[in-house]
Structures are given as structure tokens and as C-alpha cells.
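> Structure of the sequence below:
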Amino acid sequence: MSESPKTAYVNVAVAAVWRNSGAPRAVDEPALDRPVRMNEWLAAMTNEEKKDLVGRVDTQALYGTKVTVSESDGDWAEVAVHGQPGPNGRKTYPGWMPVRQLADGETMRPYEGARSVVVTVSKAWLYDPTGKSPILEVSYGTRLPLVGEAEEAYTVATPDGVQRLRKSDAALDQAVRPTGAMLVEEGLRFLGLDYLWGGMSAYGFDCSGFVHTVHKRFGITIPRDAGDQFKAGRPLKKGELQPGDLVFFAREKGKGAVHHVGFYAGAGQMLHAPQTGRSIERIDLWGSEKFAESFIGGCRFI
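Here you go, the predicted model:
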């Protein structure tokens, strides 16, 4: 049923954004729940089932992310995810989400435009206003509006009301742009994390989700997908690459469509999320025939 667009906010720790309402399979039920059961979902899937997410899941959205709902169809909502520039120059990323994973955001709207707090550890707990009772575990990269600040905690606005986030788990928005070395150092903390198609969280990243999320940690918004990232950044040739730059790879030995991205880590190395069944790794870039022959160029966003 068509309706006027309205604003909503993600009210689970990590929400998959599906290609359409018919995309989920039986094995995906934990990812559709509220609260979402990410560990159960990931543990239940075989590698083949994870590969089958291609064409089903396009991205993810973290707790508190703003979305525009353009249409509701029973238990499903067609959404545009803010903060993730999408295909063909779109400012938002399109897809479908279960209605149960969205909130109207009455507790968020009064703080729109406020400085935000970003989670800087792999996983962090949000606590009730007293700071004593844990409410929800959220992922690295979760951004929430700042309401107030105490000695050891930030008070933040969430879809479930005002809550507390320990300062040891988060930081205020960066006032200074990061160096390339800072981007690489940030990415290195995820060495060994399993690849997940569509992944945008500390439960798993895909290649472009990894570089997008690390940039976003420092307040830099870049396109969500590798092909759009390649077009949007300052173009670089091989000899111009510095740590923190992005390196891109294309099909047909570098002559076709861009299909992969990673961080140039310096000294001929690449830090990247490779593919399903493997984990984030740092490799000898030019020593790999696969990547050396499919390299199409680099770009920089800082």
C-alpha cells in the first residue's frame, strides 16, 4: 500500500536491508527478529547459505540509523537508509526491512542536529539512565545523538529513550580529519573477523562495507558500494598510493566492472575483507597475481 514518506529509526542492533520482502529464507529468521539474534543467525548459516545472501541482502543499518519509509506492505517497509550514499548517485540506500525493526523515533527527533557519539569498540552496551542496568549490546560504528555528558559516560538519545554509553566504549565526533595511517590502524582491529555479504558491523563486513564503516567512524561519509566509491574519491595511480587510500579491482583483468575494494596499508600491502568463508586479512598486494592483474586504480577521501 502506497503512502506518504515518513521518517523512522532502526531499533535493533543490526538490521539487514533486504532486496525485497520475499528475499529472506527460513534460515534468516533470527535476522528478522526484534531483538535481532545476530550470533544465532551467523552460526546457523553454512558457507553456501552465506554466499546465497548475494541478491538477497544489499547492506545493513545500525541501531538508531534514520530511514525514510516510502511504503508499507504488511510486516515489511520499503526504506531509504540515510548516511549510506547508494547506487547511481543516490544520497540514501534503498531496500526493505521488517516493520518490527523500526521505531517512529519520537525520542530521537528532538536531538536531530546534535553532536553525535560513535561506538569505537567492537561491541558496547547501552545502559539505562542510571548507568547500572544493561539494555542493548550495539556494534562498532553505531552513532547516537549526544544528550549530555558525565565523568564516565555519555547520555545519548536512542529509539528506546535516553540511555547511557560508557566513555571507554565511545567517542564524540572527530573534530579533526584522520590521517591515512589512522584509517589503517582502525581497520587492523578487525583482522580475523569473518566476511559477511552486505555486512556493515562488527559481526561481519563485506569489502565495501568495511572501508565505508571505518571512514564513517571518523565522520567521513563515502558511498556504500565499491563501484560508487571508485567514482567518488580523488583518483590515484599505483605510484601515488599512500596508507589509508582505497585500492580497487575489476573483472576481466581490470577492464570490466569494479567488484572489490580494500585499504592500501603501505609497503605493498592491502587490508581487506576478501570473500565468504574467509576473514579480514592483510596481504602482499602486488605479490598476488589475482589482485595485481585486476587492479584498476585507487582513490582517496581524506
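> Please export the C-alpha coordinates of the longest helix along the chain as PDB.
In the chain, with assignment by DSSP state H, the single longest helix is helix 207-217. C-alpha atoms of helix 207-217 as PDB (Å, rounded to 0.1, in the frame of the first residue of the first chain):
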ATOM      1  CA  CYS A 207      34.700  -5.400   1.300                       C
ATOM      2  CA  SER A 208      33.000  -2.000   0.600                       C
ATOM      3  CA  GLY A 209      31.100  -2.100   3.900                       C
ATOM      4  CA  PHE A 210      34.400  -2.400   5.700                       C
ATOM      5  CA  VAL A 211      36.000   0.700   4.200                       C
ATOM      6  CA  HIS A 212      32.700   2.600   4.400                       C
ATOM      7  CA  THR A 213      32.300   1.900   8.100                       C
ATOM      8  CA  VAL A 214      35.900   2.700   9.000                       C
ATOM      9  CA  HIS A 215      35.700   6.100   7.200                       C
ATOM     10  CA  LYS A 216      32.300   6.800   8.900                       C
ATOM     11  CA  ARG A 217      33.900   6.100  12.300                       C
END
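> and it, what's its mean pLDDT?
Averaged over helix 207-217, pLDDT sits at 97.
> And for stretch 64-74?
Here stretch 64-74 scores 93 as its mean pLDDT.
> Got the phi and psi for Val27?
As for Val27, its main-chain torsions (degrees, to the nearest 10) stand at phi -70, psi -20.
> number of nearby residues for it?
Burial of Val27 is recorded as 14 neighbouring residues (other CB atoms under 10 Å). C-betas here are computed from N, CA, C, even on glycine.
> Roughly how far does it sit from Val99?
For Val27, the distance to Val99 (CB to CB, to the nearest Å) stands at 21 Å.
> In terms of secondary structure, what does the following helix or strand past the longest helix of the chain contact?
Next in sequence after helix 207-217, counting helices and strands by DSSP states H and E, comes helix 226-232. On a contact count with 3 or more CB pairs under 8 Å, 6 or more residues apart in numbering; DSSP states H and E, helix 226-232 meets helix 207-217, strand 246-250, strand 258-266, strand 295-300.
> So what touches the second one?
To tie it back to what came earlier, the one meant is strand 246-250. The contact list for strand 246-250, computed with CB atoms under 8 Å, 6 or more residues apart in numbering, reads 211, 226, 229-230, 233, 241, 256-264, 270, 285, 291, 294-301.
> List the buried residues of the next helix or strand after that strand.
Past strand 246-250, further along toward the C-terminus, the next helix or strand under DSSP H and E is helix 251-254. Residues of helix 251-254 classed as buried by neighbour count (16 or more other CB atoms under 10 Å): Gly254.
> Make TSV from the helices and strands packed on helix 226-232 and add mean neighbour count to it.
Converted to TSV, the helices and strands packed on helix 226-232 look like this (neighbours: other CB atoms under 10 Å):
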stretch	mean neighbour count
helix 207-217	25
strand 246-250	24
strand 258-266	23
strand 295-300	19
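> Could you count how many residues lie near the nearest residue to Leu144 once chain neighbours are set aside?
With sequence-adjacent residues excluded and distances taken as CB to CB, 6 or more residues apart in numbering, Leu144 is closest to Val156, at 3.9 Å. Using other CB under 10 Å, Val156 has 26 other residues around it.
> so where's the stretch 51-200 of the chain uncertain?
Filtered on pLDDT under 70, the stretch 51-200 of the chain yields the residue ranges 175.
> what would the helices and strands packed on helix 226-232 look like in TSV with distance to Leu196?
Putting those into TSV (distance: least, CB to CB, whole Å) gives the following:
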stretch	distance to Leu196
helix 207-217	8
strand 246-250	19
strand 258-266	15
strand 295-300	24
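> what sits up against the strand or helix carrying the residue nearest to Leu144?
Per DSSP H and E, Val156 falls inside strand 153-158. The contact list for strand 153-158 (CB under 8 Å, 6+ apart) reads 63-64, 107-108, 110-111, 114, 117, 126-127, 129, 131, 136, 144-149, 162-167, 170, 172.
> If burial is judged by neighbour count, which of the residues you listed pass?
For the contacts of strand 153-158, a burial check counting by 16+ other CB under 10 Å picks out 63-64, 107-108, 111, 117, 126-127, 136, 144-147, 163-167, 170.
> Could you measure from Ala171 over to Lys66?
20 Å.
> Check Trp96 too.
Using CB to CB, Trp96 is found at 16 Å from Lys66.
> Tell me how many other residues crowd Arg278.
When neighbours are counted by other CB under 10 Å, Arg278 registers 12.
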